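Chemist: give the three-dimensional model of this entry:
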Amino acid sequence: MNNKANDSGNFPEEHIESGARIDAARRAPAHCLYCSNPADGWEHGLTEGVGGRLAAYILCRRHNGSMNAAVDQRFNANFAPLVNMLQIRRQRGTTGAEFVATDDAGKPVVILDKGFAKQQRMDVQKRDADGKILYAEGDLDHLDKLPAGALSPNGRNLVIAKISNPSANFVVGVDETITPAILKIALHFFASFVDDVPLNVATELLRTISGELAADGKIVRTPYLHADVFADSWPARHELTAYPDGDHTLVTVLLFTAYAFTVRLPVSMKGRGGVRYTQVLTENFPRFETEVPRPAALDWNDRPGIHDSAKYYAPIKERIKRIYDHGTEQAIRARCKRAYETAMTASSKYGDIWERYRMQLQLECFEAAEVRQIVGIGQRLSREGKAPWEIPVVNEEAPEPAVTRESRSGAARSRKTGPLHRPGAPRGGAPNTGGPAGL
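Modeler: Reported below is the predicted structural model:
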């Protein structure tokens with residue numbers, strides 16, 4: 001769907017209609033959801049950090065700040081690898097998310113928001129009595145950054161420069177550790193766009209959101225990924241839907257099209273039909289619907305048991321794999337783009353642009369056969385007026401995402417991927433989900 005203004009400067013009709021429905025539904029409570037102070041804090045129920053764009057004044061500034069510190073920051077950090085893989089552009093204009101992974105030796109590796117591994121610091125293994133370097137190892141770029149006189153005159157002036165593309169192993173925990181955040185998302189969505197929440201109900205739920213009480217499956221559950229409740233889609237999306245359930249409300253929460261939750265709130269929708277917020281992660285505006293019919297498959301008590309792992313995990317694995325493949329493709333293209341842009345700024349004495357591009361691709365740790373293939377494709381794309389780094393990528397050896405029942409049990413290792421059908425490429429981590437919660 002086109003989410004940009006058309007040639008006349010007008011926005012698509014669906015954008016305008018969603019905006020009108022949002023404005024009509026947005027609540028303006030007399031006081032904060034959790035206290036009697038004015039509701040003057042602009043609150044994103046689904047955090048901006050993972051791409052949420054729907055907000056309302058439902059909290060005071062104190063509770064807005066404390067909610068961010070106690071819940072949102074951990075939630076955002078947990079899903080940062082997926083935000084990075086999908087290169088999600090957030091409302092304030094930033095794209096991707098920085099996170100810390102580990103290499104194969106267990107050492108921390110910082111993955112920058114653009115998908116690159118941050119250069120590792122120089123590892124000085126031996127110094128002389130004056131503190132000057134006798135022996136060190138480090139990334140190639142550190143050679144040019146060593147100050148004059150940094151090396152000891154008593155040594156061999158030996159610094160081993162490495163060209164490396166470290167593995168990045170990480171986990172995405174989808175288990176009881178994030179259920180307080182899921183409850184918060186559902187409650188704040190209801191309070192922002194469905195109806196007011198009694199103060200005593202909100203403050204009691206706050207005890208679970210803050211971690212004082214455990215979310216033991218009575219409020220938040222991980223249901224089956226039924227297609228008619230949590231429809232598959234690409235590009236990936238987040239989606240929140242509130243459905244009436246007698247004197248309660250069921251709020252379904254779908255994250256990245258892959259992770260599903262159901263929240264049962266002790267508040268009534270008072271005869272209203274379903275209300276839905278959809279955030280397609282390639283779009284810069286929220287979609288909003290009212291009078292959404294309740295799907296027949298939505299059942300609070302229909303949740304996986306101890307013997308239902310295969311049925312529960314199969315659709316999740318399929319959707320996670322697609323995100324992983326997309327992230328691999330983006331990472332390879334990003335390295336090609338960096339190599340090409342560096343080649344464009346290099347001195348012409350090092351050959352033509354394609355020779356310099358070839359050299360920079362070698363510094364990006366592509367193998368010789370890969371470099372020849374990438375340069376050949378880049379030349380063809382350039383003749384067609386396209387960006388030389390937008391190479392087609394096929395995941396030849398698809399990973400089996402680590403989906404385990406153990407909570408945050410360890411990092412998943414990726415398999416090799418690359419341009420076209422070639423094997424042997426950089427490694428990155430695959431998500432690890434530790435649900436289902438509330439079993």
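
Chemist: from here on, just use CA atoms for contacts and neighbour counts.
Modeler: Noted.

Chemist: which strands or helices does the helix or strand harbouring Glu318 pack on?
Modeler: Using DSSP states H and E, Glu318 sits within helix 309-345. Helix 309-345 makes packing contacts with helix 73-86, helix 353-363, strand 418-419 when contacts are defined by 3 or more CA pairs under 8 Å, 6 or more residues apart in numbering; DSSP states H and E.

Chemist: send me the longest one as CSV with only the CA atoms.
Modeler: Included here for helix 73-86 are C-alpha records, laid out as CSV according to Å, rounded to 0.1, in the frame of the first residue of the first chain:
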residue,chain,number,x,y,z
GLN,A,73,13.1,0.0,27.8
ARG,A,74,13.4,-3.8,28.5
PHE,A,75,10.7,-4.5,25.9
ASN,A,76,12.5,-2.4,23.3
ALA,A,77,15.9,-4.0,24.1
ASN,A,78,14.4,-7.5,23.8
PHE,A,79,13.1,-6.9,20.3
ALA,A,80,16.0,-4.7,19.1
PRO,A,81,17.4,-7.5,16.9
LEU,A,82,14.2,-7.7,14.9
VAL,A,83,13.9,-4.0,14.6
ASN,A,84,17.4,-4.1,13.3
MET,A,85,16.7,-7.0,10.8
LEU,A,86,13.6,-5.2,9.5
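
Chemist: which helices and strands does that helix pack with?
Modeler: Packed against helix 73-86, as judged by 3+ CA pairs under 8 Å, 6+ apart, are the following elements: strand 99-102, helix 309-345.

Chemist: flag the shaky bits of the stretch 1-150 of the chain, pLDDT-wise.
Modeler: Within the stretch 1-150 of the chain, the stretches with pLDDT under 70 are 1-11, 120-121, 138-145, 148.

Chemist: excluding its backbone neighbours, what's nearest the residue nearest the centre of the chain?
Modeler: Note on the chain: the residue nearest the mean C-alpha position is Val83, at 2.1 Å, using CA atoms, centre = their mean. What sits nearest to Val83 in space, not counting adjacent residues and going by CA to CA, 6 or more residues apart in numbering, is Gly96, at 5.4 Å.

Chemist: against Ile88, how distant is that neighbour?
Modeler: 5 Å (CA to CA, to the nearest Å).

Chemist: next: Val201.
Modeler: Using CA to CA, one obtains 34 Å as the distance from Val201 to Ile88.

Chemist: so between the two, which is more surrounded?
Modeler: Ile88 (23 against 14; other CA atoms under 10 Å).

Chemist: wait, isn't Ala186 in contact with Leu240?
Modeler: Yes: in this structure, Ala186 sits in contact with Leu240. The criterion is CA atoms under 8 Å, and the distance is 7.4 Å.

Chemist: compare those two (neighbour count), which wins?
Modeler: Between Ala186 and Leu240, counted using other CA under 10 Å, the more crowded position is Ala186 (27 against 23).

Chemist: partner residues bridging the closest residue in space to that one that isn't next to it in sequence?
Modeler: Here the nearest residue to Ala186 in space, its sequence neighbours aside, is Val251; by CA to CA, 6+ apart that works out to 6.0 Å. According to DSSP bridges, the partner residues bridging Val251 are Ala242, Val263.

Chemist: who touches Val251 in this structure?
Modeler: Shown here is Val251, whose contacts under the criterion CA atoms under 8 Å, 6 or more residues apart in numbering are 186, 240-243, 262-265.

Chemist: residue at max distance from the center of this protein?
Modeler: Checked against the centre of the chain - CA atoms, centre = their mean - the farthest residue is Asn154, lying 49.4 Å away.

Chemist: contacting residues around that one?
Modeler: Asn154 makes contacts with 128, 134, as judged by CA under 8 Å, 6+ apart.

Chemist: any idea which helix or strand carries it?
Modeler: Asn154 is part of no helix or strand, with elements assigned from DSSP H and E.

Chemist: tell me the secondary structure at Glu204.
Modeler: Assigned by DSSP: H, G, I helix; E, B strand; the rest coil, the conformation of Glu204 is helix.

Chemist: how near is it to Glu43?
Modeler: Using CA to CA, we find Glu204 at a distance of 19 Å from Glu43.

Chemist: looking at these two, which has the bigger crowd around it?
Modeler: Per other CA under 10 Å, whichever of Glu204 and Glu43 has more neighbours is Glu43, with 25 against 12.

Chemist: the more buried one and Gly65, how far apart?
Modeler: Computed as CA to CA, the Glu43 to Gly65 distance reads 10 Å.

Chemist: could you do Pro198 as well?
Modeler: From Pro198 over to Gly65 (counting by CA to CA), the distance is 21 Å.

Chemist: ok, back up a step: what residues are up against the residue nearest to Val83?
Modeler: Under the criterion of CA under 8 Å, 6+ apart, the contact partners of Gly96 comprise 80, 83-89, 113-115.

Chemist: list the contacts for Gly378?
Modeler: Taking CA under 8 Å, 6+ apart as the definition, contacts of Gly378 comprise 387-391.

Chemist: likewise for Ala368?
Modeler: Gln362.

Chemist: got TSV for the contacts of Gly378, with distance to Gly327 and pLDDT too?
Modeler: Shown next, in TSV, are the contacts of Gly378 (distance: CA to CA, whole Å; pLDDT from 0 to 100):
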residue	distance to Gly327	pLDDT
Ala387	19	96
Pro388	19	96
Trp389	15	94
Glu390	14	93
Ile391	14	90
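
Chemist: for Tyr277, state which of the residues you listed is nearest.
Modeler: Tyr277 lies nearest to Glu390 out of the contacts of Gly378, by CA to CA, at 32.7 Å.

Chemist: how about the nearest residue to that closest one, chain neighbours excluded?
Modeler: Of all residues beyond its chain neighbours, the one nearest Glu390 is Arg333 (6.1 Å), with distances taken as CA to CA, 6+ apart.

Chemist: cool, and Thr203?
Modeler: Counting by CA to CA, 6+ apart, Tyr34 is the residue found nearest to Thr203 once chain neighbours are left out, at 5.6 Å.
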